Structure formats: C-alpha cells, structure tokens
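K.L.:
Turn this into a structure:
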Amino acid sequence: MLGAPELTYLIDRSLHRVLANGGGIPTLLTTFFAPKNDGPFPMSKKPKRKLTAAEKRARRERKKNFMTIFINGKQKRVPRPKLIEGLPVHEFIARNADPIWLRQNGMREYIMPEDDG
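P.N.:
Alright, predicted model coming up:
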C-alpha cells in the first residue's frame, strides 16, 4: 500500500500531466475514477449473432419434443408427454375405449363398473 507521500506524488504528477495536455478538472476526475477495463470480462461485448434458419428449425423441433423441468434446483430437459387431441394417452383411452377393447388389451383398471340402480 502506498504511503501518504507516494500517493501525493502520484496525484501531483497525474494532475500536472492532465493540465499540461490541456485537460481540466473533469478530465482529471475521469482519469482517476473511470472504470477499469483490465478485468477478465471486457466492457464492450461482441453483439450476439442471429440464428440461421437451420438453427431456428432445430430449436423449434426441440421445443416441440422436449420440456424443461427443475430437479434439485437444476434444469433438465425431458421428453414431453404424448398427447391425443390434447389429452394424455391414458386419459384419452379411459374416456373413449369400450370395456371389451380395454379387457382385450389388458387395461382392466380403466373399466368402470356400470350402475344398475
């Protein structure tokens, strides 16, 4: 860390350099308090490039076939459930199949008992 005499010397030299180059107090302030650009991330970024038609098509296809869910705080991509006319497959079958078809295909749990009363 710099002591008071060294710091005073640096400020005097900077002030002398700024004033000698024709700058005033605003130039001096921006010299000392301007954000530095020497970190790992530069201040100016490259502009994002646009997606090509093939990349857009692939993205639409992924969105159609997969959905994003959170598991343990992390995003996971899982296949979307299959739908028939906007209903999940098992619900569509339960609503539209007759008891004979359900029995023939081993889906006895979907057979609803008929009320005779």
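
K.L.:
so what's residue 82 closest to, chain neighbours aside?
P.N.:
Distance criterion Cβ to Cβ, 6 or more residues apart in numbering; nearest residue to residue 82, sequence neighbours excluded, is residue 89 at 5.3 Å. C-beta: built from backbone N, CA, C; applies to glycine.

K.L.:
Helices of this protein, start to end?
P.N.:
Under the criterion DSSP state H, the chain carries helices at the ranges 4-20, 25-33, 53-65, 89-96, 99-104.

K.L.:
how about residue 84, what does it touch?
P.N.:
Contact analysis of residue 84 by Cβ atoms under 8 Å, 6 or more residues apart in numbering lists residue 92.

K.L.:
Where among the helices of the chain is average confidence lowest?
P.N.:
Looking at those, the lowest mean pLDDT belongs to helix 25-33 (a mean of 58).

K.L.:
Just the buried residues of stretch 79-93, please?
P.N.:
By 16 or more other Cβ atoms under 10 Å, the buried positions in stretch 79-93 come out as residue 93.

K.L.:
now the end-to-end length of it.
P.N.:
Counting by Cα to Cα, to the nearest Å, you get 21 Å between the two ends of stretch 79-93.

K.L.:
Kindly report the same for stretch 84-98.
P.N.:
End-to-end span of stretch 84-98 (Cα to Cα): 17 Å.

K.L.:
residues contacting residue 73?
P.N.:
Counted by Cβ under 8 Å, 6+ apart, residue 73 has zero contacts.

K.L.:
Likewise for residue 109?
P.N.:
No residues are in contact with residue 109 under the rule Cβ under 8 Å, 6+ apart.
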